[in-house]
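>>> Next input, structure requested:
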Amino acid sequence: MNEISPDGQWQWNGTHWVAVANSVGSSASAETTSADISPDGQWRWNGSEWTPTDAATPKLPSTTPTASKESGNGKKIVLGVGAGIAALLIIGAVAGGGGTQTGTTSATSPGASQPTAPQAEKAEPMEEPAAAPPADSAPELTLAQENVLEAAEDYLDYQAFSRSGLIEQLEYEDYSAKDATWAVDQVNADWDEQAALAAKDYLEYDSFSRSGLIEQLKFEGYTTAQATFGAKAVGY
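Presented below is the predicted three-dimensional model:
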């Protein structure tokens, strides 16, 4: 069964497609169409391939005649001779330039570039430690402080005193309570030791019971703990 192409211009004769003759054409037209001329008059079927006609310019047809042939499962297979030729030309061009393109890609590939070694950071100069501030010099003493401190040390050199007893003694010497207290705190005396020395002095000149000795030491300004320590130091 002869098949007509969808555009009505071509007919399958069993071996190849031939142009359909116009119903109103002449015998000359029939001969022309039987010669397998493409609709645009630019191509001729020579039995094995499409070739340009004598009046055609050497370019591919803008519209390649296509046909559909019914396959065994009911689907149509589209045949495009011109498209096949164009595809072969494109494949050949790609295959010919493949080596150059590959080489260019390889040369410009980021993976081919050598990694740049990280530059060492420039060491910043170390700052010299700031010079330590000079130690605070001892505050200058007033004349009264110098004298009261010397008096407090002299009293402790030849007699035992409690803290409060020594302050009273310095005040008796007309030093201010502030200067007298400051001087007594500067000598750093061991008041327990002073209580023991005072207890020993009392026992050398008089007799005392334990409680009487403790009371006498407390009267001299020693605390109860200091007086008790002094009495124990002499044997009570």
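
>>> Lowest average confidence across helices and strands of this structure, where is it?
Using mean pLDDT, DSSP states H and E, helix 27-34 stands out as the lowest-scoring helix or strand of the chain, at a mean of 42.

>>> any weak-confidence spans in the chain?
Low-confidence segments of the chain, defined by pLDDT under 70, are located at 1-2, 21-35, 54-125, 127-138.

>>> at 80 what do you get?
Applying pLDDT under 80 to the chain flags the ranges 1-14, 16-139.

>>> can you give me the strands in it?
Remark: strands of the chain, listed N- to C-terminal, are 3-4, 10-12, 17-19, 43-45, 50-52, 66-70, 76-80; assignment by DSSP state E.

>>> tell me what the shortest one is packed against?
Using 3 or more C-beta pairs under 8 Å, 6 or more residues apart in numbering; DSSP states H and E as the contact criterion, the elements in contact with strand 3-4 are strand 10-12, strand 66-70. Heads up, the C-betas are built off the backbone N, CA and C, glycines and all.

>>> give me that answer again for 7 Å
Here strand 3-4 touches strand 10-12, going by 3 or more C-beta pairs under 7 Å, 6 or more residues apart in numbering; DSSP states H and E.

>>> What is the strand it packs on packed up against?
Going by 3+ C-beta pairs under 7 Å, 6+ apart, strand 10-12 lies up against strand 3-4, strand 17-19, strand 66-70.

>>> Please name the strands paired to the first one in the sheet, noting orientation.
Here strand 3-4 has these sheet partners by DSSP bridges: strand 10-12 (antiparallel).

>>> any idea how far Tyr158 is from the nearest residue to Gln145 once chain neighbours are set aside?
Of all residues beyond its chain neighbours, the one nearest Gln145 is Asp179 (5.9 Å), with distances taken as C-beta to C-beta, 6 or more residues apart in numbering. With distances taken as C-beta to C-beta, to the nearest Å, Asp179 is found 21 Å from Tyr158.

>>> more crowded one of these two?
Set side by side, Asp179 and Tyr158 give different neighbour counts by other C-beta atoms under 10 Å, the larger being at Asp179 (20 against 6).

>>> Identify the residues contacting that one.
For Asp179, the contacting residues are Ala144, Gln145, Val148, by C-beta atoms under 7 Å, 6 or more residues apart in numbering.

>>> leaving aside the residues next to it on the chain, what's closest to the first one?
Ranked by C-beta to C-beta, 6+ apart and with sequence neighbours excluded, the top spatial neighbour of Ala144 is Asp179, at 5.2 Å.

>>> can you check Asn46 too?
For Asn46, the nearest residue in space outside its immediate sequence neighbours is Asp36; the separation is 7.9 Å by C-beta to C-beta, 6+ apart.

>>> Surely the one you found touches Trp45?
Yes: counting by C-beta atoms under 7 Å, Asp36 does reach Trp45; the two are 3.3 Å apart.

>>> what's the distance between Thr53 and Pro39?
Note on Thr53: its distance to Pro39, by C-beta to C-beta, is 12 Å.

>>> next one: Val234
Between Val234 and Pro39 the distance is 146 Å, computed by C-beta to C-beta.

>>> Please identify which of those two sits among more neighbours.
In this comparison of Val234 against Pro39, neighbours counted by other C-beta under 10 Å, the higher total goes to Val234 at 19 against 14.

>>> who's in contact with that one?
Contacts were defined as C-beta under 7 Å, 6+ apart; by that measure Val234 touches Ala196, Ala199, Lys200, Leu203.

>>> Any idea how many residues pack against the residue lying closest to it once chain neighbours are set aside?
Nearest non-adjacent residue to Val234, counting by C-beta to C-beta, 6+ apart: Ala199, 4.7 Å away. Here the number of neighbours of Ala199 (other C-beta under 10 Å) works out to 27.
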